[in-house]
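Novice: The sequence and its predicted three-dimensional model are supplied below.
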Amino acid sequence: MIKLDQITKYYKSNDLIAVGIRKINLEFKIGEFVAITGESGSGKSTLLNILSGLDTFEEGEFFLYGKPTSHYTVAEWESYRAQYVGFVFQNYNIIDSYTVYQNVLLALEFQGYDKNTRHERAIELIDKVGLTSRLHHRASKLSGGEKQRTVIARALAKDCPAILCDEPTGNLDSKTSEAILKLLYEISQDKLVIIVTHNYEEVEKYVTRRIKMSDGEIVEDIDLEPKQILLNEPVETKIKQVYFWTSVGIAFRNIFATPRRFVFFMLLQMVFIFLVFLIYGTISSLAYQNQITPQPIHASEHQLIVQKMNNEAFTQEEIDMFKETKYVQAVNDYESINTLFTLIDREQIFSERIEVLKRGDLSKGRFPTHELEVVISSDLMIYLDADIDQPIVLKTLLNEEFEYQIVGITSKVSSAVYFHQDFFSNKEMIFKSIIQVTGITLTDQVLANTLITTFRTIIENPDLPDGSAIATVFYNIPGERLSNNVMLTGYGEELEVSLNTTFIYTESERKLNVDSNTYQEFIDYFTNPTYRYKIVLNVYDQYDGTRLMREINQSEYIVYYEILTPNSGASSFGILLRAASYASILFVAMFMFTLLRFVFKNMVATRRKDFAIFRSVGANQKFLSFLVVLEQVIQILIGTALTFIVVFILVLTSDRIETIMKYISVLDVLVVFAIFSFMTIRTPIKFNQMIFEISVIDTLRSSSEV
């Protein structure tokens with residue numbers, strides 16, 4: 001099977017060169033049980049490492065079934081180990097984070113066996129080496145002898161022509177040693193078994209050939225029990241592909257075998273992603289608002305006024321559709337009520353719905369519980385020198401006054417008063433808001449003259465009899481007479497009402513007092529659902545408003561959003577904020593890249609030994625490269641999912657975090673995911689390439705020295 005011709009191995013240490021073995025000429029055949037003996041340093045282990053393909057040689061030729069191997073590449077030696085050799089190491093070389101079962105199972109997985117066969121075979125071999133009671137114990141908790149038996153079971157798990165053992169019974173008691181040697185002898189009937197040992201007497205009754213070494217040379221080679229060599233032709237072996245789901249299982253096993261490292265990686269990833277999102281979201285929100293409205297514009301960021309392109313009234317189905325639209329917090333059926341109150345001591349204000357505030361927007365107090373309670377902005381609080389539990393008087397455009405109770409202060413920067421939702425469905429207030437825009441026209445036929453007066457202040461007077469009114473006018477023709485009143489909706493609709501009107505001259509304000517029934521008739525007419533020609537969509541902020549505009553089909557609807565009125569363009573401050581956003585993210589990315597590179601370099605360095613063991617069992621560079629990427633991808637996916645869960649919880653519990661996170665788009669998430677993936681995958685892949693540049697033995701030797 002194997003023939004060595006003038007094989008020589010040198011070791012280099014600093015400026016010194018030492019000879020490991022010199023001009024070795026040997027031939028090994030299937031069916032032999034060979035013992036290699038000699039004192040320490042004689043070259044026994046070096047010879048075994050070369051036979052197993054774990055180490056290289058500098059001179060001579062290594063023949064495998066008569067074919068030279070001196071031209072073999074790293075990949076071809078990996079293939080040789082996978083197909084032809086099972087190896088038992090002197091210093092165990094066991095994966096400490098694996099259990100006994102997992103260490104043995106690993107060799108079977110690389111053989112391509114199905115799941116049930118792998119399990120049954122692993123249990124059988126573990127039982128043969130007497131470790132059934134330690135089946136699920138981690139290797140790091142095993143004694144030296146138990147580790148050795150685990151390695152033997154792993155070597156026996158490989159269905160290959162040769163089993164090479166370096167001091168396989170060195171750490172075992174006599175009874176266990178006897179059982180292991182007997183097992184090796186049984187499998188040597190159709191395999192090549194080579195043992196390096198210091199205790200020849202222990203193996204003497206089993207071996208068929210003895211080789212003795214001294215100073216790197218063969219000094220004795222004796223056939224003790226000539227055997228019939230049954231297999232003189234090359235044993236046909238095939239490398240079976242490791243199935244994808246088997247690879248996934250190995251990847252998950254590697255990840256969760258070291259829980260501390262996994263948790264640390266998750267925390268690192270979550271911190272990185274959250275920091276990037278936090279910085280980007282915070283600065284982007286500031287930059288966004290500043291770039292949209294760099295010049296102060298007195299308009300509400302919460303209100304989008306919508307009108308149909310064909311000037312028809314909105315149906316209830318259409319209003320319900322808008323209520324379900326993303327970004328819409330509430331809908332006002334009538335646009336005019338938002339501008340009912342316009343002044344507070346000459347300060348223009350906006351009537352806003354309480355739904356556009358979040359709990360975190362309140363700096364003090366509470367939300368209103370009925371329509372006579374309000375929340376005011378901190379700007380108005382300072383301007384009016386007001387506070388919670390104090391009254392506030394609001395005036396309409398026609399100086400009609402209404403008193404409300406302040407119950408909360410919002411930190412939002414605006415000149416706004418926030419009302420309970422019942423205020424916006426109060427028909428009387430809707431009527432007052434409409435009438436102050438459209439008015440009621442009263443026609444007075446007196447002294448052969450037709451006098452027309454428009455009233456915008458309509459007052460209910462319960463003491464007036466039905467069908468009567470009192471009108472204060474600017475002309476001095478007092479008296480009681482029948483008048484014709486025309487109500488206009490402003491949309492081409494009108495209603496005529498005849499009233500017995502008492503006219504009173506005034507020099508101040510024109511007012512129309514009507515009886516209760518007429519007043520209610522006016523309200524019902526003006527608040528008729530068929531006259532909902534303009535509605536208001538209420539949003540949380542300007543960002544949601546601009547996004548909502550894109551959602552609305554503007555071939556069917558006209559949208560007015562005054563906060564987006566064209567202005568002089570983005571301010572230099574807004575541009576600086578945007579630049580600061582990208583600079584901050586770049587800084588965080590560079591810092592985290594440096595940190596991650598350092599962390600991953602150390603993390604993968606601790607796995608140097610594990611990678612070498614994978615290679616000794618039969619893993620090739622292609623598989624290990626795929627495994628590294630697969631492990632990182634799985635961890636990134638788990639970490640990203642955990643990050644999003646944490647962010648989702650924070651969004652639900654913190655209005656501030658919700659406000660920041662809504663500036664993060666799907667594209668932003670994908671970019672951050674790609675950057676983090678690149679940083680986390682690049683270092684392990686590079687490391688994986690580096691370890692294949694040196695032999696398995698050198699890798700194991702350097703790992704043991706760390």
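Specialist: Nice, thanks for sending it over. Numbering: from 1, shown residues only.
Novice: can you pull out the strands in the stretch 201-350 of the chain?
Specialist: 209-214, 217-223, 303-308, 328-332, 341-344, 347-348, 350-353 (DSSP state E, counting those that start in this stretch).
Novice: Could you measure from the closest residue to Gly281 other than its chain neighbours over to Val671?
Specialist: In space, Gly281 comes closest to Ile660 once its chain neighbours are excluded; the distance is 3.6 Å by C-beta to C-beta, 6 or more residues apart in numbering. (C-beta placed from N, C-alpha, C; glycine too.) To Val671, Ile660 is 17 Å away according to C-beta to C-beta, to the nearest Å.
Novice: State the pLDDT value of the residue nearest to Glu59 when sequence neighbours are not counted.
Specialist: Leaving aside its chain neighbours, Glu59 sits nearest to Thr8 (3.8 Å; criterion: C-beta to C-beta, 6+ apart). We have a pLDDT of 94 for Thr8.
Novice: Thr8 is in what secondary structure piece?
Specialist: Per DSSP states H and E, Thr8 falls inside strand 2-13.
Novice: about what we covered before: between Ile660 and Val671, which one's more packed in?
Specialist: Ile660 (22 against 14; other C-beta atoms under 10 Å).
Novice: Next one: that one, what pLDDT does it get?
Specialist: pLDDT recorded at Ile660 is 76.
Novice: Give me the secondary structure label for it.
Specialist: helix (DSSP: H, G, I helix; E, B strand; the rest coil).
Novice: Same question for Ser40.
Specialist: Secondary structure, three-state DSSP: Ser40 is coil.
Novice: Thr176: neighbouring residues, count only.
Specialist: Thr176: 19 neighbours (other C-beta under 10 Å).
Novice: Correct me if wrong: it contacts Gly130.
Specialist: Yes - between Thr176 and Gly130 there is a contact under C-beta atoms under 8 Å: 6.2 Å.
Novice: and for these two, which residues touch both?
Specialist: Taking C-beta atoms under 8 Å, 6 or more residues apart in numbering as the contact rule, Thr176 and Gly130 both touch Arg149.
Novice: Can you tell me the closest non-neighbouring residue to the residue sitting furthest away from the middle of the chain?
Specialist: In the chain, Leu447 marks the outermost C-alpha relative to the chain mean, sitting 82.4 Å out by C-alpha atoms, centre = their mean. Nearest residue to Leu447, sequence neighbours excluded (C-beta to C-beta, 6+ apart): Ile477, at 6.8 Å.
Novice: That neighbour in helix, strand or coil?
Specialist: Going by three-state DSSP: Ile477 is coil.
Novice: strands paired with the strand holding Thr8, and their directions?
Specialist: strand 16-28 (antiparallel), strand 59-64 (antiparallel) (DSSP bridges).
Novice: For those strands, which has the smallest mean pLDDT value?
Specialist: When I compare those, strand 16-28 is least confident, with a mean of 90.
Novice: Check which residues of it are buried.
Specialist: In terms of neighbour count (16 or more other C-beta atoms under 10 Å), strand 16-28 has its buried residues at 19-22, 24, 26, 28.
Novice: closest to Gly467 among the residues you listed?
Specialist: Gly20 (121.9 Å; C-beta to C-beta).
Novice: could you list every residue that touches Ile409?
Specialist: Counted by C-beta under 8 Å, 6+ apart, Ile409 has contacts 362-365, 375-378, 381, 387-388.
Novice: next one: Phe256
Specialist: Applying C-beta under 8 Å, 6+ apart, we find Phe256 in contact with Phe262.
Novice: got it, and the one 10 residues further on?
Specialist: Shown in contact with Met266 (C-beta under 8 Å, 6+ apart): 635, 638-639, 642.
Novice: ditto for Ile7
Specialist: Per C-beta under 8 Å, 6+ apart, neighbours of Ile7: 21, 23-25, 50, 57, 59-62.
Novice: change it to 6 Å
Specialist: 24, 57, 60 (C-beta atoms under 6 Å, 6 or more residues apart in numbering).
Novice: rewinding a little: between the strands paired with strand 2-13, which one is closest to Ala35.
Specialist: Short answer: strand 16-28, nearest of the strands paired with strand 2-13 by C-beta to C-beta, at 12.2 Å.
Novice: and stretch 141-151, which residues are buried?
Specialist: Result for stretch 141-151 [16+ other C-beta under 10 Å]: buried residues 142, 145-151.
Novice: Not counting that stretch itself, show me its contacts.
Specialist: Against stretch 141-151 from outside (C-beta under 6 Å, 6+ apart): 88-89, 92, 94, 100, 103, 129, 131, 171-172.
Novice: Pick out the least confidently modelled helix or strand of the protein, by mean pLDDT.
Specialist: helix 696-705 (a mean of 57; mean pLDDT, DSSP states H and E).
Novice: Which secondary structure elements does the one helix or strand Arg81 maps to sit against?
Specialist: Using DSSP H and E, Arg81 maps to helix 74-84. Contact partners of helix 74-84 among helices and strands, from 3 or more C-beta pairs under 6 Å, 6 or more residues apart in numbering; DSSP states H and E: none.
Novice: mean confidence for that helix?
Specialist: 84.
Novice: Just checking: what are the partner strands of the helix or strand just after that helix?
Specialist: Later in the chain than helix 74-84, the nearest helix or strand by DSSP H and E is strand 85-88. Sheet pairing of strand 85-88 (DSSP bridges) gives strand 162-166 (parallel).
Novice: Strands along the stretch 551-700 of the chain, start to end?
Specialist: Ranges of strands in the stretch 551-700 of the chain, per DSSP E, counting those that start in this stretch, are 557-560.
Novice: Okay, now the sheet partners of the one helix or strand Asn485 maps to, with direction.
Specialist: Assigning secondary structure by DSSP H and E places Asn485 in strand 479-488. Strand pairing for strand 479-488, using DSSP bridges, gives strand 440-446 (antiparallel), strand 494-505 (antiparallel).
Novice: Output the ones you listed in CSV, with mean neighbour count and mean pLDDT appended to each entry.
Specialist: Converted to CSV, the strands paired with strand 479-488 look like this (neighbours: other C-beta atoms under 10 Å; pLDDT from 0 to 100):
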stretch, mean neighbour count, mean pLDDT
strand 440-446, 17, 83
strand 494-505, 16, 84
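Novice: In TSV: those strands, plus distance to Val263.
Specialist: Below are these laid out as TSV (distance: least, C-beta to C-beta, whole Å):
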stretch	distance to Val263
strand 440-446	73
strand 494-505	73
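Novice: Ok, which of those comes nearest Arg118?
Specialist: Taking the strands paired with strand 479-488 one by one with C-beta to C-beta, strand 494-505 is closest: 87.4 Å.
Novice: low pLDDT regions in the stretch 101-250 of the chain?
Specialist: The model of the stretch 101-250 of the chain has pLDDT under 70 over residues 226-241.
Novice: Would you map the helices across it?
Specialist: Using DSSP state H, counting those that start in this stretch, the helices of the stretch 101-250 of the chain run over 115-128, 144-157, 174-187, 200-203, 244-257.
Novice: Quick one: work out the angle between the third one and helix 115-128.
Specialist: With axes from the mean of the first three to the mean of the last three C-alpha atoms, to 10 degrees as the criterion, the two stretches helix 174-187 and helix 115-128 enclose an angle of 130 degrees.
Novice: the helices in the stretch 301-450 of the chain, which residues?
Specialist: Under DSSP H, counting those that start in this stretch, the stretch 301-450 of the chain gives helices at 316-323, 378-384, 427-438.
Novice: okay, those, which one's buried deepest?
Specialist: Greatest average neighbour count among those goes to helix 427-438 (a mean of 20), per mean count of other C-beta atoms under 10 Å.
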